[in-house]
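Chemist: the sequence isn't on hand, but the structure is:
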């Protein structure tokens, strides 16, 4: 092969590489009213935030009250938020804890997004199970917690298929759930648990929980003053 042919060959290869890089779509992000930018992940037919919400305002600009006093938090019957241990520094990655009244507000999510319903969570769950995201690769039963949990910050758990067991195997879905803890009368379970509100409340079911020592995604029903994380899904 002569020099001119080689030159042409390498030039075409270079053009192809540049074209591939140019055509590759950038990862989608979403920005809330406070200017926080969130990574997103497409799972099945849905696009989810891959980070916990941390806006301090509804999308119409109305401030969400930051309630730090424990008694006031428990007695609240209107929207409220807090950082874990009432400390923002070091907790930004975990996002904000919102009470249930906030999660039910239609204006909490960025424009074009919303707090998911239970049915939308079930769509996610069913997709993951059917497509082999259970820790053991099976396609029946709910054993998907590891596929949703991040590969960092979780306490060690010894149960087979638990989130805290072989943490490096977590997060096959890209959902990246961190163990953000919760608030009731006090703050609890940072690094061992995270819980996500869904928007349509019933007395026995209003959130989904990931626990460090369980393989399944758990459904829970709790009082609306509890402080949990929020993930949003695209309209």
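Modeler: Now that the structure is in, tell me what you want to look at. Quantities reported herein were computed from a predicted structural model and do not represent experimental measurements.

Chemist: going by C-alpha atoms from here, please, whenever you check contacts or count neighbours.
Modeler: Noted.

Chemist: low-confidence stretches in this structure?
Modeler: 1-26 (pLDDT under 70).

Chemist: give me that answer again for 90
Modeler: Along the chain, the parts satisfying pLDDT under 90 run over 1-27, 185, 201-204.

Chemist: okay, helices next: where are they in it?
Modeler: Ranges of helices in the chain, per DSSP state H, are 3-23, 70-75, 100-103, 118-130, 145-148.

Chemist: list the buried ones in the second one?
Modeler: Put plainly, it is helix 70-75. Neighbour-count burial for helix 70-75, counted by 16 or more other Cα atoms under 10 Å, picks out 73-74.

Chemist: please renumber so the chain begins at 864
Modeler: Happy to do that; since the first residue is 864 now, the last one works out to helix 933-938.

Chemist: which residues does it contact?
Modeler: Under the criterion Cα atoms under 8 Å, 6 or more residues apart in numbering, residues 930, 943, 1047-1049, 1088-1089 lie in contact with helix 933-938.

Chemist: whichever of these end up buried, select them in PyMOL.
Modeler: Applying 16+ other Cα under 10 Å to the contacts of helix 933-938, the buried members can be selected in PyMOL as follows:
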select buried, resi 930+943+1047+1088+1089
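
Chemist: next, count neighbours for residue 999.
Modeler: Counted with other Cα atoms under 10 Å, the neighbours of residue 999 add up to 12.

Chemist: how close does it sit to residue 1032?
Modeler: In this structure, residue 999 and residue 1032 are 11 Å apart, going by Cα to Cα, to the nearest Å.

Chemist: top strand in this protein by residue count?
Modeler: strand 1056-1065 (DSSP state E).
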